[in-house]
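Q: Could you look at this predicted model? Sequence included:
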Amino acid sequence: MLRGILLVGLSVAALLAQGPKYDLGRNASDGDVAAAGIAVLPDGQGLPEGSGTAEDGARIFENTCRECHGPEGKGGDQTALVGKLTDLDGEKPKKTVGSYWPHATTLWDYTNRAMPFDRPGSLTVDQVYAVTAYVLHLNGLWDEETVLNAKTLPAVEMPNREGFFSEETAEKSR
């Protein structure tokens, strides 16, 4: 009996979902998108002003990231951040910032929007640059004292940058 009522209820809900348009909500404005900070491109377009060093990032990482990503980013409760291109070889590739990610700007964008896991978006712009510099440093891609910012970050050459291709590249190869 209860199962029959549940099925009828689900059927009615499905029919109502196909009903008229109610014009709820609104399209996101350019300001909404900019405020969400989700428009960072591989070439650095969309990165905000700010800066940080790996030296500063080490302190932030210790207090904010270590619990999940382990000491020196080699893994803990969550994904390891440190690796090398050869980690992609074999049956179980290890996808890390150092082995897999094709653009350093993606690291900044992801950290800015989604980290730390329990308080996403709580880091300041300068803290995000510092943590990004530190993670790049742990992967041997950035030195400890050089300032990372919107101009220097896109210039970081990631080891797996050639492991991906764009739609434009795919079209040219056809």
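A: Sure, I can see it.
Q: what about the spatially most central residue of the chain, which SS state?
A: Most central in the chain under Cα atoms, centre = their mean is residue 110, positioned 2.1 Å from the mean C-alpha point. Of the three states, residue 110 takes helix under DSSP: H, G, I helix; E, B strand; the rest coil.
Q: which ones are touching residue 139?
A: 81-84, 96-98 (Cβ atoms under 8 Å, 6 or more residues apart in numbering). C-beta coordinates here come from the backbone N, C-alpha and C atoms, glycine included.
Q: Oops, could you answer that again for residue 168 instead?
A: With Cβ under 8 Å, 6+ apart, residue 168 has no contacts at all.
Q: Show the average pLDDT along the host helix or strand of it.
A: Using DSSP states H and E, residue 168 maps to helix 167-173. Regarding helix 167-173, the rounded mean pLDDT is 66.
Q: same deal with stretch 61-71?
A: The model assigns stretch 61-71 a mean pLDDT of 92.
Q: cool, stretch 116-133 as well?
A: Stretch 116-133 comes out at a mean pLDDT of 96.
Q: Next, the residues that contact it from outside, please.
A: With contact meaning Cβ under 8 Å, 6+ apart, stretch 116-133 is reached by 37, 48-54, 56-57, 60-61, 64-65, 68, 78, 104, 107-108, 111-115, 142, 146, 148-149, 153.
Q: now do stretch 66-78
A: With Cβ under 8 Å, 6+ apart as the criterion, stretch 66-78 contacts 61, 65, 79-82, 97, 116-117, 135, 138.
Q: again, only using 10 Å
A: Surrounding stretch 66-78, the residues in contact under the criterion Cβ atoms under 10 Å, 6 or more residues apart in numbering are 58, 60-62, 65, 79-83, 94, 96-98, 115-118, 134-135, 137-139.
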